[in-house]
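A.B. asks: got a sequence here, can you build the structure:
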Amino acid sequence: MVVGSGGAPAGADPAELVLAFANTHDHRGRVPDRLSDAAGLRKWLAAYGADGTVSITPADVIEAREIRDALVTVLLTHVDADAAGEDELSAAESALRRAAHRYPLQANITRDAAGLVSTQAGLAGALGSMLAAVVELSQSGAWNRVKACRNCHHGFVDQSRNSSGTFCRAQCRSQAGMRAYRSRHRPDPES
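C.D. replies: Model (predicted):
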């Protein structure tokens, strides 16, 4: 991928950039967490155009996971407003605001368009570019269509006409349906 200013892949779809970062989590234990260590974070950076030899500290890994987990919490609320408690949602929003202060963005205005870009390099540029993608999605009206699956928390773009999708794939919808069926037909232990 060609790297644009600040480490963002040139011409990258903002939803793809946000989901590529959000989907590094373990999907409720189904896959390994790809940001579990510095090597994993460096690999994510390299996959999205940043220099893979960037120095990554354990604190960088913790911060990237905090931003990612906050992002997933917000994406879950796009599926179900009650998916996160008020305290959990407030904490997630605070974490994203702190990240926005730490990775400032700059207006990039041309005769064809205007947007936000990160002027930093390396990890700071990649995280700033991901935050700029969130802003771009919000401004375009597509932010509420970027969601996290109700079943596995995998991020996806809801392509349904009425924006009512809640699962990333049919298998997750089926698994959730089976769990609901079993809980309705489970004998009452107090009977």
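A.B. asks: any idea how far the residue nearest the centre of the chain lies from Val135?
C.D. replies: Centroid check for the chain by Cα atoms, centre = their mean gives Ala22 as the closest residue, at 2.8 Å. Counting by Cβ to Cβ, to the nearest Å, the gap from Ala22 to Val135 is 15 Å. C-betas here are computed from N, CA, C, even on glycine.
A.B. asks: for Ser129, same thing?
C.D. replies: Counting by Cβ to Cβ, the gap from Ser129 to Val135 is 11 Å.
A.B. asks: who has more neighbours, the two?
C.D. replies: Remark: of Ser129 and Val135, Ser129 carries more neighbours, 29 against 15, as counted by other Cβ atoms under 10 Å.
A.B. asks: any idea which helix or strand comes after the host helix or strand of that one?
C.D. replies: Here Ser129 is covered by helix 122-140, with elements defined by DSSP states H and E. Downstream of helix 122-140, the next assigned helix or strand under DSSP H and E is strand 146-148.
A.B. asks: packing partners for that next one?
C.D. replies: Judged by 3 or more Cβ pairs under 8 Å, 6 or more residues apart in numbering; DSSP states H and E, the packing partners of strand 146-148 are helix 14-22, helix 58-79, strand 155-157.
A.B. asks: partner strands of the last one and their direction?
C.D. replies: Spelled out, that is strand 155-157. strand 146-148 (antiparallel) (DSSP bridges).
A.B. asks: quick check: mean pLDDT of the strand it pairs with?
C.D. replies: Averaging pLDDT along strand 146-148 yields 94.
A.B. asks: same question for stretch 178-185.
C.D. replies: 72.
A.B. asks: tell me where the model's unsure across this protein.
C.D. replies: 1-11, 50-52, 176, 180, 188-189, 191 (pLDDT under 70).
A.B. asks: recalculate using a threshold of 50.
C.D. replies: In the prediction, the chain carries residues with pLDDT under 50 at positions 1-8.
A.B. asks: ok, now which ones touch the residue lying closest to Thr24 once chain neighbours are set aside?
C.D. replies: Spatial nearest neighbour of Thr24, chain neighbours left out: Arg34 (4.0 Å); criterion: Cβ to Cβ, 6 or more residues apart in numbering. By Cβ atoms under 8 Å, 6 or more residues apart in numbering, the residues touching Arg34 are 24-25, 40, 43-44.
A.B. asks: re the thing from before, can you list the helices and strands packed on strand 146-148 in TSV and add distance to Ala99?
C.D. replies: What follows is the helices and strands packed on strand 146-148, written out as TSV (distance: least, Cβ to Cβ, whole Å):
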stretch	distance to Ala99
helix 14-22	11
helix 58-79	5
strand 155-157	17
